[in-house]
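Chemist: Sequence unavailable; structure follows:
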């Protein structure tokens, strides 16, 4: 039996979520490319499973903990798109590879060698995507010679396998200055590394990249094989201005707890909604401003405020941190709550 919904509550509209998943598959139809949804977006296995199938062959995770939760839920193909250097975590990855196909990102020989030792002890093989710094200047090799040296280490180490390369260009917003030039430059360097590896005799089966803001560019690129986007299935209001066939499928539902001329207050604060990209958007309300404190959203309006005790949905500005603030997500069909699922990887950042 589904318990009664008490606000503030995170709610996903499954009709919209499934439509977004279908829209991604339509974008990929006939391209020969796949999507590996990034589950850091929601950390919810039940949602991740709904994204699999057709052109989605597995999931992308940000942490070892996320990968463990997804594999325990029955997902058997995971990429940890992050550098892992801690030997205890590398041992966990090796154990995980006993139950699933596991890949990780790497940009330095030392953790590859440590992973090799752990994989050898566990009797498994772990795939490696050579991480390339294409735009963010965060992680990743920065030159073809560095990539070649790392590839030689990977290919020479037992228990690990060079599966390809990856590079993340970050969120490149619609109005980012020199947007097209930045994305083209990022992919050009990814091509350069790929070509250098292939010329040296290395097999590069996977070229993995892109977030939701660069989906169209990744699909148009001739060398990209896999898209790592995650937000597309739930969306954020900031991305709605882009030419993408996705709609916002998640909201934090709140209750109006105070009302006055010119504004009302709902029980939706920073403890339940991510605000890194700005305040949430009140659905169906012509708000001139939304101000958040720990437990409250104060919504400025010109007209009559909604009734005391009525409910208002708020579309989060940052969907990923929003999910990590909730133990459960409520799911709806046709406007009716039909289930409640655990955000099982909430807090699984280790």
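Modeler: Great, that's in hand. What you see is a predicted model; the values in this text were computed from it and never measured.

Chemist: Strands along the stretch 201-350 of the chain, start to end?
Modeler: 206-209, 226-227, 250-260, 263-266, 281-282, 287-292, 297-301, 311-315, 328-333, 336-342 (DSSP state E, counting those that start in this stretch).

Chemist: Highest mean neighbour count out of the ones you listed?
Modeler: strand 226-227 (a mean of 27; mean count of other C-beta atoms under 10 Å). C-betas here are computed from N, CA, C, even on glycine.

Chemist: Just put the strands of the stretch 201-350 of the chain in JSON lines and tack on mean pLDDT and distance to residue 56.
Modeler: Formatted as JSON lines, the strands of the stretch 201-350 of the chain follow (pLDDT from 0 to 100; distance: least, C-beta to C-beta, whole Å):
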{"stretch": "strand 206-209", "mean pLDDT": "98", "distance to residue 56": "13"}
{"stretch": "strand 226-227", "mean pLDDT": "98", "distance to residue 56": "10"}
{"stretch": "strand 250-260", "mean pLDDT": "98", "distance to residue 56": "19"}
{"stretch": "strand 263-266", "mean pLDDT": "98", "distance to residue 56": "35"}
{"stretch": "strand 281-282", "mean pLDDT": "96", "distance to residue 56": "28"}
{"stretch": "strand 287-292", "mean pLDDT": "96", "distance to residue 56": "34"}
{"stretch": "strand 297-301", "mean pLDDT": "98", "distance to residue 56": "34"}
{"stretch": "strand 311-315", "mean pLDDT": "98", "distance to residue 56": "24"}
{"stretch": "strand 328-333", "mean pLDDT": "98", "distance to residue 56": "19"}
{"stretch": "strand 336-342", "mean pLDDT": "97", "distance to residue 56": "19"}
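
Chemist: Out of these, the one nearest residue 23 is which?
Modeler: Nearest to residue 23 among those is strand 226-227; the distance by C-beta to C-beta comes to 13.1 Å.

Chemist: Quick one: the strands in the stretch 1-150 of the chain, in order.
Modeler: 9-13, 34-35, 59-61, 77-83, 101-106, 126-131.

Chemist: Give me the domain ranges for this protein.
Modeler: The record assigns the chain these domain ranges, following automatic domain parsing: 14-236, 250-342.

Chemist: So residue 190 is in contact with residue 167, correct?
Modeler: Yes - Residue 190 is within contact range of residue 167, at 4.8 Å (criterion: C-beta atoms under 8 Å).

Chemist: Going by how many neighbours each has, rank these two and give me the top one.
Modeler: A count of neighbours by other C-beta atoms under 10 Å puts residue 167 above the other of residue 190 and residue 167, at 28 against 24.

Chemist: show me the contacts for that one.
Modeler: 131-135, 140, 186, 189-190, 193, 209 (C-beta atoms under 8 Å, 6 or more residues apart in numbering).

Chemist: again, only this time at 6 Å
Modeler: Residue 167 makes contact with 132, 134, 190, 209, according to C-beta atoms under 6 Å, 6 or more residues apart in numbering.

Chemist: does the third one sit in a helix, a strand or a coil?
Modeler: Residue 190 carries the three-state label helix when classified by DSSP: H, G, I helix; E, B strand; the rest coil.

Chemist: pretty sure it is touching residue 134, no?
Modeler: Yes - look at residue 190 against residue 134 with C-beta atoms under 6 Å: they come within range, at 5.4 Å.

Chemist: Please identify the deepest-packed of the strands of the stretch 1-150 of the chain.
Modeler: When the strands of the stretch 1-150 of the chain are compared using mean count of other C-beta under 10 Å, strand 59-61 is most buried, at a mean of 28.

Chemist: who's in contact with it?
Modeler: Against strand 59-61 from outside (C-beta under 6 Å, 6+ apart): 36-39, 48, 67, 70, 75, 78-81, 228.

Chemist: so how far is it from its chain's centroid?
Modeler: Distance, stretch centre to chain centre, for strand 59-61: 7 Å (C-alpha atoms, centre = their mean, to the nearest Å).

Chemist: All set now, cheers.
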